[in-house]
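Novice: Provide a 3D model corresponding to the input given below.
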Amino acid sequence: MARTTMELAFISAERVKFDNVDLIKLYFGDEPDGEKDLGVSLLSMQVSEDVREEVWGACKDLDVLETVRVTVEIERGSKNAGKFIVLHVESATNVSNTTKDANGNVTSESSKCTGPNCKGTGGIKEGDGKGDGQGEEEEEEGPPGPSRNLQQGEQGSFAEGLSEWDERIAEARAELDQKLDEYGALFKGVFDLNLGAAGGSLPCETFSISTGGVSLRICPADYSEQLSYLRYVLLLAAAALAAVIVLRG
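Specialist: Just a heads-up that it's a prediction; the model follows:
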């Protein structure tokens, strides 16, 4: 088996444990070949059983897309296809050195940052002394970026729309009243019926027929209560006719 070390971009680590099975699989990103891969080439590797806990602990301190240094063994599988077995994983930017004595006790620890992604105090990259001579420039303020905090949005109002419709309704009512007055004046002489309650009484006549000595009595006054409803029928018909004329106009 061949052993090699590669620098890749860390993506994720998955661990599956059930019964007597304990598997760890790591996913890395590499430069695409432009033919089979575009954007990023995804690589999946299984961790060796001997260094399972060590590699899993190292992956907990890694950030997504952080450059890592991976040491692997290449096993030959079916059809001579290479299979990567991870032996060691460490950050390619932050390297830690631990010194132990003969008893296994830690005597000293040190770490250093190497590579272009190193950050100095306060998260600012340390300069190399080769500036362009230009001073600080104020950055233009752009639109605010997305926030993870939920904020109450601006409350809308229907006041403007309601006032507009109130004005339209008032104008329509005024126009309708004007039309009713105009057409009411035109049909005043036609439908000016004097159907008041206190206006005389209905006639009641009695006729005698000589043949057979029969007397015939005609008295609409007996049906005055039923005939009074004609007033409301005539008023309803006049209102309906006026409404039809106004709506057609």
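
Novice: The one helix or strand Tyr27 maps to pairs with which strands, and in what direction?
Specialist: According to DSSP states H and E, Tyr27 maps onto strand 21-30. Using DSSP bridges, the strands paired with strand 21-30 are strand 2-18 (antiparallel), strand 41-47 (antiparallel).

Novice: if you compare the ones you listed, which one is most tucked away?
Specialist: strand 41-47 (a mean of 17; mean count of other Cβ atoms under 10 Å). For every residue, glycine as well, the C-beta is placed using N, CA and C.

Novice: on that earlier part again, would you mark the buried spots in the strand holding Tyr27?
Specialist: Ile24, Leu26, Phe28, Gly29 (16 or more other Cβ atoms under 10 Å).

Novice: name the helices or strands packed onto the lengthiest helix in the chain?
Specialist: In the chain, taking DSSP state H as the definition, the longest helix is helix 159-186. Where contact means 3 or more Cβ pairs under 8 Å, 6 or more residues apart in numbering; DSSP states H and E, helix 159-186 is packed against helix 229-248.

Novice: Report the mean per-residue pLDDT for the helix it packs on.
Specialist: For helix 229-248, mean pLDDT rounds to 83.

Novice: what comes up buried for that helix?
Specialist: Judged by neighbour count (16+ other Cβ under 10 Å), helix 229-248 contains these buried residues: Ala242, Val246.

Novice: With stretch 176-183 instead?
Specialist: Tyr183.

Novice: if we can go back for a sec, for the longest helix of the chain, buried residues please.
Specialist: Neighbour-count burial for helix 159-186 flags Tyr183 (criterion: 16+ other Cβ under 10 Å).

Novice: quick one: that helix to helix 229-248, angle?
Specialist: Computed by axes from the mean of the first three to the mean of the last three Cα atoms, to 10 degrees, the angle separating helix 159-186 from helix 229-248 equals 120 degrees.

Novice: Ok, which of the strands paired with strand 21-30 comes nearest Cys59?
Specialist: Shortest distance between Cys59 and the strands paired with strand 21-30, using Cβ to Cβ, is found for strand 2-18: 4.2 Å.

Novice: Dump the strands paired with strand 21-30 into CSV; add distance to Leu230 and mean pLDDT as well.
Specialist: As requested, those are exported to CSV (distance: least, Cβ to Cβ, whole Å; pLDDT from 0 to 100):
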stretch, distance to Leu230, mean pLDDT
strand 2-18, 91, 89
strand 41-47, 93, 89
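
Novice: Val64 is nearest to which of the ones you listed?
Specialist: strand 2-18 (6.6 Å).
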